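# Below is the structure, and that's it, no one-letter string:
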């Protein structure tokens, strides 16, 4: 059963929001602009080893 959205707000697509958040987080980690250490290696994030690309 679908719930109505709150008054004054629009429904959002969670998939799109999560994809954008992951993309931003990984790009920020790669660019070293993220102020949080994700403990991910550059090899892990390399386009040649990633099976899914967000960018």
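Sure thing, it's come through. All of these numbers come straight from a predicted model, not from anything done at the bench. Numbering: from 1, shown residues only.
# which residues in this protein form strands?
Counting by DSSP state E, the chain has no strands to list.
# how much space between the spatially most central residue of it and residue 46?
With distances taken as CA atoms, centre = their mean, residue 22 lies nearest the centre of the chain, 1.3 Å away. Distance of residue 22 to residue 46, computed by CB to CB, to the nearest Å: 16 Å. Placement of C-beta: from N, CA and C, glycine included.
# What does the pLDDT read for residue 1?
Confidence at residue 1, expressed as pLDDT, is 54.
# How about residue 25?
88.
# For it, the count of nearby residues, please.
15 (other CB atoms under 10 Å).
# for residue 30, same thing?
Residue 30 - counted by other CB under 10 Å - has 14 other residues nearby.
# isn't it right next to residue 40, touching?
No - with contact defined as CB atoms under 8 Å, residue 30 does not reach residue 40; the gap is 9.0 Å.
# Now residue 13: phi and psi?
Dihedral pair for residue 13: phi -90, psi 110, per degrees, to the nearest 10.
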